[in-house]
Structures are given as structure tokens and as C-alpha cells.
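In: Make a model of this:
(one chain, ligands or ions: 2)
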Amino acid sequence: MRMVSPSLLSADFGNLQRDIEMLNGSECDWLHVDVMDGIFVPNISFGQPVVRHIKKHSQKPLDVHLMIMDPGRYVQDFRDAGADILTVHYEACTHLDRVLHAIKDAGMKAGVVLNPATSVCLLEDSVQLCDLVLLMSVNPGFGGQKFIENTYSKVRQLRELCNRKAPLCLIEVDGGVNLQNAPLLYEAGADVLVAGNAVFKSDDPVATIHQMKL
Ligand code: DX5
Ligand code: ZN
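Out: Ligands and ions are numbered 1, 2, ... in the order given. Presented below is the predicted three-dimensional model:
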């Protein structure tokens, strides 16, 4: 599967509705929505009220990436705000099993995110609970960072783990994705690519999304 989830972190926040409508008319599959708390990551982005507005204008499923400590506290809130897919960081959950069940019970697809230094083998006992696993290919917190090359090997390891334990689980990659590394990531086994700057800083975002899926 070759899917693209553009990250709204790189959109024009003063013209969010315009940018979402542009994405509605593109071949993108999901909208990637980055929520940051200033504690788990150094940056603060936005919370549920903004997600609710994004939902109002979007015709695509919302892929909400929570970069917040103890995300289990906010599962229902983000469901109510319009999240379709909710991903939580392995590093931010004490009781990951419980949080993944809570996300599914609330009616969303559930995903775990691994930071670049967190090993894929730690998912051995939780991947079967996941609809997707998101591998960070930068340290989370900011758009526009440089892609970490070790990600290819992590995608291959995760593909092997999914084949063994969770064949339906999707593999998503987030951070520094562009038109050059996208084909290599799909070949390594990724299903969904998040792209912020590569889409929004390009001259023709709709065409860039199209090319990324080729
Ligand atoms: C980073 C966020 C990413 C970011 C990606 O912490 O999780 O989703 O917006 O932006 P680019 O594609 O510009 O690296
Ligand atoms: Zn993200």
C-alpha cells in the first residue's frame, strides 16, 4: 500500500481551512495532525479545539499523532474532537496495553509511535494490538528536520515482526520524508508516509502528493 498523510504542522495556520480544502482535492489518504504538549517534546502545537475545526473541513480521515505525556488521559477528548486514528508514543505510556484498548473501545484505529532511539523489538508483545505502528524518522517536536537513515532498517525489522504477528498492521513513517526517500521507504515495507515540509513548501503540493504515491 502506498499512502500519504500530509502533516498540517507545516500548513499556514492563518489559512488552515484553505489548506485543508486543497488537501481534500488531492490524492492524500489521511491528514496528519501533530499534537504537542511542551513536555514530552519541547514544542507546543495545538489541542482539541483546533482538531475539531480541522475535522469540520476535512473530507479525509484524521491521523492524530499525540506527542504528549500520559496520552491515555485524553483518548475520549480526541475522539470527540474528530480523530479517526490515534497514535500514542511508546515512551509516553506506562500502561500501553490499556491505552491501546481504550483507543479501540472509543471507536478509533490505534497506533503506537517509536522514537528514533526506541527499538522495534519492544513491540513484540503489543504489535498484535495495533492497527498501525508509526516510526519516527526524526526526533519529534518540529517539522523540517533531516531524515535519520537508520529508519530503513527499522522499517524492515518492523515489516518482519508484522508479518509474524500482525499481518494487517500498517507501517507509517514520520519526519524528513521527501520525494527522494519515499520510494525507498515504500520498498523497505512502509505503507503510509507523513510529509510536512515536502508537501507544503513545494510549488505544487497536489502534484507532490501524487508523485509521492507513484
Ligand atoms: C514532528 C512531527 C511531524 C512533522 C513532519 O515531530 O511529528 O509530523 O510535522 O514534518 P516534516 O515532514 O517537515 O519533517
Ligand atoms: Zn507527526
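In: what is the mean pLDDT for whichever helix in the chain runs longest?
Out: Longest helix of the chain, by residue count under DSSP state H: helix 151-165. Helix 151-165 shows a mean pLDDT of 98 in the predicted model.
In: Heading C-terminal from it, find the next helix or strand.
Out: strand 170-174 (DSSP states H and E).
In: what does that following strand rub up against?
Out: 1, 3, 5, 7, 32, 63, 65, 87, 111, 113, 131-138, 140, 151, 155, 158-159, 162, 185, 189-194 (C-beta atoms under 8 Å, 6 or more residues apart in numbering). To be clear about C-beta, it is placed using only N, CA and C from the backbone, and glycine gets the same treatment.
In: Please list all residues in contact with the residue in the chain that ligand 1 sits nearest to.
Out: Among the residues of the chain, Gly196 lies nearest to ligand 1; the distance is 2.7 Å by C-beta to the nearest ligand atom. Contacts for Gly196 (C-beta under 8 Å, 6+ apart) come out as 6-10, 32, 143-144.
In: again, 7 Å this time
Out: When the contact criterion is C-beta atoms under 7 Å, 6 or more residues apart in numbering, the partners of Gly196 are 7, 9-10, 143.
In: cool, and Val138?
Out: 145-148, 175-176.
In: do that again at 6 Å, thanks
Out: Shown in contact with Val138 (C-beta atoms under 6 Å, 6 or more residues apart in numbering): 145, 175-176.
In: would you turn the residues you listed into CSV with neighbour count and pLDDT?
Out: Converted to CSV, the contacts of Val138 look like this (neighbours: other C-beta atoms under 10 Å; pLDDT from 0 to 100):
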residue, neighbour count, pLDDT
Gln145, 15, 98
Gly175, 25, 98
Gly176, 22, 98
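In: of those residues, list those near ligand 1.
Out: Among these, proximity to ligand 1 is found for 145, 175-176 (C-beta under 6 Å from any ligand atom).
In: Residues of this protein that sit close to ligand 1?
Out: So the chain meets ligand 1 at 7, 9-10, 32, 34, 65, 138, 140-145, 174-177, 194-198 (C-beta under 6 Å from any ligand atom).
In: just to confirm, which helix or strand has the closest residue to Leu129 other than its chain neighbours in it?
Out: Nearest non-adjacent residue to Leu129, counting by C-beta to C-beta, 6 or more residues apart in numbering: Leu100, 4.5 Å away. Here Leu100 sits within helix 96-105, counting by DSSP H and E.
In: what's that helix in contact with?
Out: Residues contacting helix 96-105 (C-beta under 6 Å, 6+ apart): 72, 75, 86, 88, 93, 110, 126, 129.
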